[in-house]
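Q: What would the 3D arrangement of this be:
(2 chains, ligands or ions: 2)
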Amino acid sequence: MPGSEPVPQQETDDTMQIHLDAEKCQGHNRCYALAPELFDVDDYGQAVLMEEGDVPDGLKDKARLAAANCPEYAITLTGD
Amino acid sequence: MTDTLDPQPSTETIPEDAPAPSEFGMRDSIIGDSPEGTDVWQRVPYNADDYGPVSDFATDFDHADKDYNPNAPKVWKQLRDDGCPVAHSDRYGGMWIPITHEAVHDVAYDTDNFTSRSVVVAVGRPGDLAMPAPIGAVPPISSDPPFHGKARRMLLPPFAPKQIEPWEDEVRILCRRLLDQMGEITPGESVVDAAVQYAQHIPVNVIGRMLGFPEEDEALFREFVHVALETIAQEPGTRGGIDDLGKYIRAQIEDHRENPRDDLTSYLMNMELDGEKLSDDIVGGSIILLLVAGIDTTWSAIGSSLWHLAQSPGDRQRLADDPEVMTFAIEEFLRAYAPVTMARMVAKDNEFHGCPMKKDDWVLLPFPAANRDPKQFEDADSFIIDREINRHSAFGLGIHRCLGSNLARLELKVAIEEFIARFPNFELAGDVTWSVGQIRGPRVLPVRILAD
Ligand code: HEM
Ligand code: SF4
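A: Ligands and ions are numbered 1, 2, ... in the order given. So this is what the prediction gives:
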């Protein structure tokens, strides 16, 4: 359902999960510019996650940056 | 194309329940070149002379007042400080002006109550028999769902990031050429016009190049965009002919039919909608949309950024010392000096944030004001060159997100990089003239080049 938030993960404190809501994404491409390690874009300029789920340790700051700059609030993070 | 760009009053009547035409033509244009009182354009009950210059923007807002654009950030602040998230004005037959990020966002997302059939507030608006709301005169910008998505999807691929990236060198060469053409520069003495001699030439040349049009025609495009967006307070029918541009585009389409090539015009001519090739009218209409939407918007963004830099030695230095900061600087230029205010029409009576909105009222969408909302941005009225959290809406919000945003960002970045690489130090050197209307940016921008 568009707009639904992913259920926060309970397991460990140090897993960060990333989620991209394709319904909300309008292709502003802020995420792709700020975190190309995490995001790619398709032929229509819509963002796609390189990998669903866990964010590797070294990329957590970039994930936060991307989420904080998405004008459509399409990127959500859970855990930390 | 001829009937498109010079619409004749139609005598036929279309029943109210007529199905939407399967093909969208350009019966009227966003520019409104048809005489008042016809089916496509209706004169709104508004005469600017009865109102005169604005004395209080809280009750008598007019974005086309000549004092608005030079002072816009002060106007927004005043409205916000007065606790007015949505202002109202009787001008243009009735207009609402949401000022906060939340209110602007809510209008942009609500495509049921607010239609895009006219996105430029003017003394004329599409009449009942104009192209029906889901399609509008210039898809996708004038379209509502569900049609909007189809028209938009068609135009998305050539403007996707990976298609735009390869244009960087071309844009750079163009910027350098414009700087070369400024001639001999004596630091401390020479004054150049960063808007007239630089910013305004960049987007028109780039889109012309993408379309595969000859370089020498840029003056014609510029005049057209001027007519379209800067003369909104004039009467429909007196806005100057755009026939010549229509004929010109038709000739370009003809030429591309005979000599297909790898450019945007040929791309559009090969596109299919519902399994059929686009008609010449639609190809021409899309080209006009790209010119109108892409030229003075980007020119304004480049101009405002250079206007800022002319007054901010610290920011010039930071960009020189730390080129990496450009990623954030570009977004901060776009936030603080967002050039584009759009509009909607109220589709049906509704109450919005406590305001009684009536069908056919105008609603202005000042994304630039949303970008200065202190609830959304820390220290919103300060320019912070490395602002890391910057969820700005310069390119709009929701389904109409600027289709050209990847191109616009590239042009803005390269234009600034090249200007400051050539002229690391410069200052304002006289009166700056700002545009009038929904697109905000400097039109005359004299700067004195200083010693490195
Ligand atoms: C800094 C420069 C630019 C800014 C600030 C800007 C801003 C905007 C905004 C705010 C919208 C949303 C309209 C709405 O909500 O009704 C929009 C739509 C659009 N822009 Fe831009 N624009 C810029 C440059 C360009 C360029 C270079 C092009 C193309 C060459 C372009 C093509 C379009 C098109 C086709 C739409 C309509 C998209 C749709 O309705 O789905 N723009 N632009
Ligand atoms: S920043 Fe947001 S809207 Fe833009 S492409 Fe990324 S996810 Fe989509």
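
Q: number of nearby residues for the closest residue to residue B:100 other than its chain neighbours?
A: With CB to CB, 6 or more residues apart in numbering or on different chains as the measure, residue B:85 is the residue that lies nearest to residue B:100, at 4.6 Å, once sequence neighbours are left out. All C-beta atoms are positioned from the backbone trio N, CA, C, and that covers glycine. Residue B:85: 19 surrounding residues under other CB atoms under 10 Å in any protein chain shown.

Q: residues contacting residue B:85?
A: B:98-100, B:102-103, B:353 (CB atoms under 8 Å, 6 or more residues apart in numbering or on different chains).

Q: Could you check how far the residue of chain A found nearest ligand 1 is from residue B:413?
A: Residue nearest to ligand 1 within chain A (CB to the nearest ligand atom): residue A:26, separated by 9.0 Å. Residue A:26 sits 21 Å away from residue B:413, going by CB to CB, to the nearest Å.

Q: more neighbours, the two?
A: Comparing residue A:26 with residue B:413 by other CB under 10 Å, the one with more neighbours is residue A:26, at 22 against 19.

Q: what sits up against the strand or helix carrying residue B:169?
A: If you go by DSSP states H and E, residue B:169 is part of helix B:168-180. Contacts to helix B:168-180, defined as CB under 8 Å, 6+ apart, come from residues B:197-198, B:201-202, B:205-206, B:209, B:410-411, B:414-415, B:418-419, B:422-423.

Q: Which single one of these is nearest to residue B:166?
A: residue B:410 (10.0 Å; CB to CB).

Q: In this structure the closest one contacts residue B:166, no?
A: No: checked against CB atoms under 8 Å, the pair residue B:410 and residue B:166 is beyond contact range at 10.0 Å.

Q: which of these two has more neighbours?
A: residue B:410 (23 against 9).

Q: can I assume residue B:192 sits in a strand?
A: Yes: assessed by DSSP: H, G, I helix; E, B strand; the rest coil, residue B:192 belongs to a strand.

Q: wait, which of the contacts of helix B:168-180 is closest to chain A?
A: residue B:410 (10.9 Å; CB to the nearest CB).

Q: contacting residues around the closest residue in space to residue B:405 that isn't next to it in sequence?
A: Nearest in space to residue B:405, with sequence neighbours left out and distances taken as CB to CB, 6+ apart, is residue B:395 at 4.3 Å. For residue B:395, the contact set (CB under 8 Å, 6+ apart) comprises A:28, A:71, B:334, B:340, B:367, B:401-402, B:405, B:408.

Q: Tell me how far the longest helix that chain A contains lies from the chain's centre.
A: In terms of residue count, the longest helix belonging to chain A (DSSP state H) is helix A:60-69. Relative to its chain's centre, helix A:60-69 lies at 8 Å (CA atoms, centre = their mean, to the nearest Å).

Q: Tell me the buried residues in that helix?
A: Going by neighbour count (16 or more other CB atoms under 10 Å in any protein chain shown), the buried part of helix A:60-69 is A:60, A:62-67, A:69.

Q: before we move on, what about stretch B:412-425?
A: By neighbour count on 16+ other CB under 10 Å, the buried set for stretch B:412-425 is B:412-420, B:422-425.

Q: returning to that earlier point: counting contacts, what elements does the longest helix of chain A pack onto?
A: strand A:16-20, helix A:30-34, strand A:75-78 (3 or more CB pairs under 8 Å, 6 or more residues apart in numbering or on different chains; DSSP states H and E).

Q: what's the next secondary structure element after the host helix or strand of residue B:74?
A: Following DSSP H and E, one finds residue B:74 within helix B:68-81. Remark: after helix B:68-81, the chain's next helix or strand is strand B:86-89, criterion DSSP H and E.
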